[in-house]
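Engineer: Here is a sequence with its predicted model. Questions after.
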Amino acid sequence: MSRDGDVKFTAKLGDREHFPDLEPLVYCNHAAISPPSWPVRRAMQNAIVDWGRRGAQAFGTYGAQRSRLREKLARLVGASAEEIAFVPNTSTGVTAIALSLPWKRGDRVILFEGEFPANVTPWRRAAELFGLEAVFLPLADFQESDERGLGRLTEELAKGARLVAVSAVQFRSGLRMPIGEMAALCHAQGAELFVDGIQATGAVPVDVRALGVDYWASGGHKWLMGPEGTGMLYVRKERIEALDPHVAGWLSHEDAVRFLLEGPGHMRYDRPFKKRADVFEVGCINAIGLVGLEAAVDLVAELGVAEIFTHVVRWGDVVEEGLVERGFKSLRAPEVKRRSGILSVLPPEDVDVVALHRALLQRGISTAIPDGVLRLSPHWPNNVDEAEQVILSAEDALAELRGAPRPRSDDW
Ligand SMILES: Cc1ncc(COP(=O)(O)O)c(C=O)c1O
């Protein structure tokens, strides 16, 4: 629950009371960007008013707030607080690790064809800088079955690899990857597993320790429902020692702020780097955004990630059935353990997905079309009763669009 002075905010699954001015009738686009709830907005407004009043005197208050949030995020993903760093987005978390691993020339990194680019570009950059070999495996194998995907990964790992980088949930298909099994295979071959967790954190149960994940990066603006410019990076504590923080700044050092508080004689440039994940918090960070993230995390934690997951899968079940009946092809995995908050579908072949996306928005249904699929991503405020609205809107949009020309991009 979030607190606003004496006001206590509670949330209910399927109730969008905390989004009083959200324009779309059905907002199922949380896999893109979540709108900030009222408690998030209030918390951020209060914080900025406080900073406005107190200036630098507010620093301590928000330092304490961040310690609290670090604990909460750690609890949410099964980590300890020292293993969590705040990052402004997923990409910064990926980059921190990609540049700080003790690479040897010729080390191999296994990536996946079809991953969101945030989990590719930093590794390719590291490959250029450190002389690594980046190898791509097809995601299609995992789409077919765990056995096939894991079999292919096993073959590739047997050739030697330093690291595997994958998303916990695929942004396009919504496929939840077998992360625990992948981590075990990596470790058996002396490799580490990096996970881009942004499409999972907050709506899919996660326990990084139990899964054996080495690194987990997640922006805060999707399933955590915080503002953009916030996020977290988990670094398994056993991995910290070996990292050489090539991304470092004045706050990466132990006792970094002593010289600002304790008089002369404390300013040194050679203080050791922190042996915690927060070594990657290199300078002042998004204080107001992290206040918003805490309010968002409080709501998610209060509802429970397992309960949210069951809720969004049920929403997906009903909508999927209605859309398939109307000629859509579902990309959702048949097994619940491979599902996520994402329901992606392909429209009937004679209907253009860009035009359909637009037609749905005109009918008050907010979706996304990443890499050409129609993606619906409900979260805790969505109600299963919305399914009828979504399905009938899709039916109506199909009727309008059949044979209609594709809209030009400047029509937006
Ligand atoms: C799998 C995945 N990773 C990362 C991102 C975003 O990365 P960042 O938080 O760096 O903007 C997205 C979507 O925007 C995504 O779907």
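Structural biologist: Received it, and whenever you're ready, just let me know what you need.

Engineer: and Q143, how many neighbours does it have?
Structural biologist: When neighbours are defined as other CB atoms under 10 Å, Q143 has 16 of them. From N, CA and C alone the C-beta is placed, and that goes for glycine too.

Engineer: should've said F328
Structural biologist: Around F328 there are 23 residues (other CB under 10 Å).

Engineer: sec struct for W216, please.
Structural biologist: Assigned by DSSP: H, G, I helix; E, B strand; the rest coil, the conformation of W216 is strand.

Engineer: same check, this time on the one 10 residues further on
Structural biologist: Reducing the assignment at G226 to three states with three-state DSSP gives coil.

Engineer: give the contact list for it.
Structural biologist: Applying CB atoms under 8 Å, 6 or more residues apart in numbering, we find G226 in contact with S34, P36, V40, G220, G289, G292, L293, A295, A296, V297.

Engineer: Okay, it and the ligand: tell me how far apart.
Structural biologist: 11 Å (CB to the nearest ligand atom, to the nearest Å).

Engineer: burial count for A32?
Structural biologist: Counted with other CB under 10 Å, A32 comes out at 16.

Engineer: can you tell me which residues contact it?
Structural biologist: A32 neighbours (CB under 8 Å, 6+ apart): K222, A368, S377.

Engineer: Going along the chain, name the helices of the stretch 251-400 of the chain.
Structural biologist: Secondary structure of the stretch 251-400 of the chain (DSSP state H, counting those that start in this stretch): helices located at 258-261, 287-303, 305-325, 353-362, 386-401.

Engineer: so what does the fourth one touch, helix or strand wise?
Structural biologist: Okay, so that is helix 353-362. If contacts are counted by 3 or more CB pairs under 8 Å, 6 or more residues apart in numbering; DSSP states H and E, helix 353-362 sits against strand 374-376, helix 386-401.

Engineer: what's next to the shortest one, contact-wise?
Structural biologist: This means strand 374-376. 28-29, 31, 172, 174, 316, 319, 328, 342-347, 353, 356-357, 360, 367-369, 390.

Engineer: please redo it, this time with the cut-off set to 6 Å
Structural biologist: Residues outside strand 374-376 that contact it (CB atoms under 6 Å, 6 or more residues apart in numbering): C28, I342, L343, S344, V345, V353, T367, A368.

Engineer: Tell me if it is near the ligand.
Structural biologist: No - using CB under 6 Å from any ligand atom, strand 374-376 stays clear of the ligand, with a minimum separation of 9.9 Å.

Engineer: is it possible to export the contacts of strand 374-376 to a markdown table including pLDDT?
Structural biologist: Below are the contacts of strand 374-376 laid out as a markdown table (pLDDT from 0 to 100):
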| residue | pLDDT |
| --- | --- |
| C28 | 98 |
| I342 | 98 |
| L343 | 98 |
| S344 | 98 |
| V345 | 98 |
| V353 | 98 |
| T367 | 98 |
| A368 | 98 |
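
Engineer: Buried residues in whichever strand or helix holds R209, which are they?
Structural biologist: For R209, the element it lies in under DSSP states H and E is helix 208-211. Buried positions in helix 208-211, judged by neighbour count with 16 or more other CB atoms under 10 Å: V208, L211.

Engineer: which strands and helices sit next to it?
Structural biologist: Here helix 208-211 touches helix 179-188, going by 3 or more CB pairs under 6 Å, 6 or more residues apart in numbering; DSSP states H and E.
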